[in-house]
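Q: I'll drop the sequence and a predicted model, then ask my questions.
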Amino acid sequence: MNLNRIEFRRGRRCLRLRFYPEGILRVSYHDQENVQTDAVLLEPIQPQTMERKELKLEEEIRWQDLRIVVNKKELTLKIYDSFGLVQEDQEIRTGAKPGHSRKRNWEAGIYGLGEKYHWLNLMHHTMENWNTDALARVPQHCTALTSMHTAINFYLGVSEERCVGWYYDNPTHTRFSFDHGRGEMAAGEGEMSFSADGGFLDYYLIVKHSPQEVLTAYGRLTGTSPLWPRKFLGLQQSRYSYRTQEELLAVAKRFRKEEIPCDVLYLDIHYMDEYRVFSIDQKAFPNFVETLQEVHALGFTVIVIIDPGVKLEKDGQVALPGAKPEYFIQDPKTGKPYVGVVWPEESLFPDFLQKQVREWWGNLHKAFVKAGIRGIWNDMNEIADFSTKSKTVPTRVTHQDDEGKIVTQKEMHNQYAHYEAKATQAGMRALLKNQRPFVLSRAAFAGTQRLAAVWTGDNSSTWEHMEMSIPMFLNMGMSGFSMVGSDVGGYAGDPSAEMMIRWMQLGAFTPLFRNHAAIGTRHQEPWCFGDEAQAAMKKAVDMRYRLRSYLYSALWQSHQEGIPIMRPIYFLDQTDVRLYDVNDQFLFGDHLMVCPILRPGQRQRMVLFPKGEWVEFKTGKRFTEDVAIVEAALDEIPIFVRAGAVIPLDMPSQFDPEGEIEELELIHFEGEENLKTKLYFDDGQSFAFESGAYRESWIHVEDGILREEILRDQYSAPVMKSIKKR
Ligand code: MIG
């Protein structure tokens, strides 16, 4: 008998309960084996203790803190934890459009579901997940878009005493409704529902007390952010496109001349020869390798874009060594590879579901790696296709798995970018040997957080888009994605100097800090807006660079524990429901609260303070009240520190030289409590940390003395200079 599952059958319906590490309960309404997506990393366990009690119409199962009551007739569930009812199913739907609905009976806030152009709390809304090149569908991102570039079927319900995560492992088009009074299941007021266009009702339930605990468990289930090379936490500068080698080099030199720190430059699609992937336009970049060497010597690293669309040449071939027709997604109508239209005009799309294709593609990055490239930018992977009305490949096209089974778009659409990221990660990792790669992707599925960073696609240079990026990042963080960012300054349209300053200030406190702009728009490099603006932007970037070790330590926490770098402020006090809907303030790591200015002409703003004492970073002014109005001159962004914390500051620098951090300055923001600060150091760029070559500790100040609790001491610690008090 298989002890790691309990099965119920009723007619053609089957319910299986399975038990996973971290107290995760899997609920599946099917009897298929091995239908998990690639998102899921864990295997079921045999519970140590479990009680089962047969009642007349029900069976009751007790496992850890859960009491699961199965209605043997309907196969619906009632699930309780120590505080009471967690979930009460109303209706279960199996068959072609599986789903379930349950009563909303305790949640005050709903968060997650990946990238959504939406306010933080998703309660009273309906969302769907079907990867979409959003700007191809609407003139600009807006709340009417219920699906964007990612499909992360994971959300959290939060109340004062409890946090529960639901991960629906279903790759098809999915829909969620949270007490919206409508939906697929004809949900009335007070109903929470999930439904899908295919696959199964198969979900993982994570019942805990805090969002931190749920995210850690979800991180074990689907993976956490890689420990990205530290250099990629610096400012990243991009444009569609830096068109020639001269232009790229000029941008690099200008950063150094103006002494604005920057680590990463991007090559967008114009570096290619007629948009052929893995090619170089010899006219624009006749000395590609030498130019890169020069740019690298100035302390930059260069990321190149790679789109999935492979140009179909006039002779019906593709210009990639080793390509075979069966490596591409197929069109059953022609019995040949499907031909879509993207930048290279007629194009084929690699079938990344096949391992041999992933290996082939991964290896194509060889010449880039030889030229010193470590970062790859995967765009257009929804898959974007200009030739169809839906702006994605038609539903009829097919993939093939490694057993030769045909897999339809219905299942592959949302997972395409995930498998591409898998190919890119594995390929780059193999080619780079002991150096860590960086991968940036536009589309994603659950689990892609362990393969790629994501940005939010083609936003616009509007104050609204800047503002909305905050709840977007926060919900992505609560979907397992820590390394997130938006095009700073906006992609489409032209920012004013003031908008650019405010956006750079915000960007300096987002995990992925990338300035990017579309073709035909105003140049957005920090020197393009006049001296005053440039000085203000430099100030913001300088601050980012002083917080490198703090940020890298927060990234380590994401990698280890699944806790995002950027967090909603209710993470500090779940009992304060007033914090559940705060969209315009956020936590950056454990101790900083960032309160950006998001409106033109504003020089003041309201700040809501979670409980405890807060210290304004710049002025040292103390706040114990619930709400205050604070000042923010054009070159200032209000930042607050939890009283009692120590904030490490790096020495000013123009770029991350990689390797040791030699010196840190510590600032102690005195307070009643002695809060601990995590410090993590390694070489910032190799995989040596995986075999333990790192240094990790907690620091705090007690009676004016710095204390350090060392967790691991296998890498050199910086000299911790002067503890300043504030
Ligand atoms: O159809 O590569 O989101 O960042 O600059 C536009 C050109 C294609 C969309 C990406 C954007 C990038 C642009 N790409």
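A: Alright, I've got the coordinates.

Q: contact partners for whatever residue of the chain ends up closest to the ligand?
A: Distance from the ligand to each residue of the chain (CB to the nearest ligand atom) is smallest for Tyr240, at 3.5 Å. (Glycine included, C-beta is placed from N, CA and C.) Taking CB atoms under 8 Å, 6 or more residues apart in numbering, we find Tyr240 in contact with Asp268, Ile269, His270, Tyr491, His516, Ala517, Ala518, Ile519.

Q: which one is Asp197 nearest to, not counting chain neighbours?
A: When the adjacent residues along the chain are set aside, Asp197 lies closest to His173, with 4.2 Å between them (CB to CB, 6 or more residues apart in numbering).

Q: report how many residues lie close to the one you found.
A: Other residues near His173 number 21, with proximity taken as other CB atoms under 10 Å.

Q: that one touches Asn129, doesn't it?
A: Yes: at 7.1 Å, His173 and Asn129 qualify as touching, with contact defined as CB atoms under 8 Å.

Q: tell me how far the residue nearest to Asp197 lies from Thr132.
A: For His173, the distance to Thr132 (CB to CB, to the nearest Å) stands at 10 Å.

Q: repeat for Gln604
A: Going from Gln604 to Thr132 by CB to CB gives 38 Å.

Q: compare those two (neighbour count), which wins?
A: Taking other CB under 10 Å, Gln604 and Thr132 do not tie; Thr132 has more neighbours (25 against 12).

Q: confidence score at that one?
A: Note on Thr132: pLDDT of 96.

Q: quick one: it is in a strand?
A: No: counting by DSSP: H, G, I helix; E, B strand; the rest coil, Thr132 falls outside a strand, being coil.

Q: pLDDT below threshold where in the protein?
A: 1-2, 182-189 (pLDDT under 70).

Q: 80 instead?
A: 1-3, 181-189, 722 (pLDDT under 80).

Q: so where do the helices sit in it?
A: For the chain, the helices defined by DSSP state H occupy 134-137, 211-222, 245-258, 288-297, 355-363, 366-370, 409-412, 416-432, 463-477, 497-507, 531-546, 548-561.

Q: just put the ones you listed in CSV and tack on mean neighbour count and distance to the ligand.
A: As requested, the helices of the chain are exported to CSV (neighbours: other CB atoms under 10 Å; distance: least, CB to the nearest ligand atom, whole Å):
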stretch, mean neighbour count, distance to the ligand
helix 134-137, 19, 7
helix 211-222, 24, 25
helix 245-258, 18, 15
helix 288-297, 16, 18
helix 355-363, 19, 18
helix 366-370, 16, 17
helix 409-412, 19, 21
helix 416-432, 24, 12
helix 463-477, 24, 14
helix 497-507, 25, 15
helix 531-546, 20, 21
helix 548-561, 22, 23
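
Q: is stretch 272-283 in proximity to the ligand?
A: No: with CB under 6 Å from any ligand atom as the criterion, the ligand is not reached by stretch 272-283; the gap is at least 9.1 Å.

Q: ends of that stretch, how far apart?
A: End-to-end distance for stretch 272-283, by CA to CA, to the nearest Å: 10 Å.

Q: next one: it to chain centre, how far?
A: Stretch 272-283 sits 30 Å away from the centroid of its parent chain (CA atoms, centre = their mean, to the nearest Å).

Q: so what touches it?
A: So stretch 272-283 is in contact with 269-271, 288, 306-311, 319-320, 342-345, 364-365, 367-368, going by CB under 8 Å, 6+ apart.

Q: residues touching the residue sitting nearest the centre point of the chain, list them.
A: The chain has Phe481 as the residue nearest its centroid, 2.7 Å off, counting by CA atoms, centre = their mean. Residues near Phe481 by CB under 8 Å, 6+ apart: Gly114, Thr150, Ile152, Ser225, Ala444, Thr448, Gln449, Ala453, Val454, Pro564.

Q: which residues touch the nearest residue in space to the third one that is not next to it in sequence?
A: Counting by CB to CB, 6+ apart, Ile152 lies nearest to Gly114, which is 3.1 Å off, once chain neighbours are set aside. Contacts for Gly114 were tallied using CB under 8 Å, 6+ apart; they are Asn129, Met148, Thr150, Ala151, Ile152, Phe154, Ala444, Ala446, Asn475, Met476, Ser479, Phe481.

Q: try Ile597
A: Ile597 touches Arg502, Gln505, Arg603, Arg605, Ala632, Ile637, Pro638, counting by CB under 8 Å, 6+ apart.

Q: these, buried ones only, as a PyMOL selection?
A: The following PyMOL command selects only the buried members of these, with burial defined by 16 or more other CB atoms under 10 Å:
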select buried, resi 502+505+605+632+637+638
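
Q: between the contacts of Ile597, which sits nearest Glu88?
A: Of all those, Glu88 sits closest to Arg605, with 41.5 Å by CB to CB.

Q: what are the bridge partners for that closest one, then?
A: Here Arg605 shows beta-bridge partners Val630, assigned using DSSP bridges.

Q: ok, now the one 10 residues further on?
A: In this structure, Val615 bridges to Arg622, Val641 when assessed by DSSP bridges.

Q: got the phi and psi for the residue nearest to Asp197?
A: phi -60, psi 120 (degrees, to the nearest 10).

Q: next up, the contacts around it.
A: Going by CB under 8 Å, 6+ apart, His173 touches Glu128, Asn129, Trp130, Ala196, Asp197, Gly198, Lys410, His413, Asn414.

Q: the second one: neighbour count?
A: Burial measure for Asn129: 29 neighbouring residues, criterion other CB under 10 Å.

Q: now swap in the last one and tell me
A: For Asn414, the number of neighbouring residues by other CB under 10 Å comes to 28.

Q: if I read this right, it contacts Asn170, doesn't it?
A: No: in this structure, Asn414 is not within contact of Asn170 by CB under 8 Å, at 9.0 Å.

Q: re the thing from before, out of the contacts of His173, which comes closest to Thr395?
A: Set against Thr395, the nearest of the contacts of His173 by CB to CB is Lys410 (6.5 Å).

Q: quick check: the gap between the closest residue to Gly340 other than its chain neighbours and Phe278.
A: Leaving out its chain neighbours, the residue that sits closest to Gly340 by CB to CB, 6+ apart is Asp385, at 3.9 Å. For Asp385, the distance to Phe278 equals 20 Å [CB to CB].

Q: more neighbours, the two?
A: Taking neighbours as other CB under 10 Å, Asp385 and Phe278 compare with Asp385 leading, 23 against 18.

Q: doesn't Lys391 make contact with the more buried one?
A: Yes: the pair Asp385 and Lys391 qualifies as a contact (CB under 8 Å) at a distance of 6.4 Å.

Q: for the chain, what lies in contact range of the ligand?
A: By the rule CB under 6 Å from any ligand atom, the part of the chain lying against the ligand is Tyr240, Asp268, Ile269, Ile305, Asp379, Met380, Arg442, Gly457, Asp458, Tyr491, His516.

Q: pull the contacting residues for the closest residue to Asp683 other than its chain neighbours.
A: Nearest non-adjacent residue to Asp683, counting by CB to CB, 6+ apart: Gly659, 5.6 Å away. Gly659 makes contact with Asp683, Gly684, Gln685, according to CB under 8 Å, 6+ apart.

Q: what segments of the stretch 301-450 of the chain are strands?
A: Secondary structure of the stretch 301-450 of the chain (DSSP state E, counting those that start in this stretch): strands located at 301-306, 310-311, 330-331, 336-337, 340-342, 345-348, 375-378, 398-400, 406-408, 438-441, 444-445.

Q: what's the span of stretch 661-678 from first residue to last?
A: Terminal residues of stretch 661-678 lie 15 Å apart, using CA to CA.
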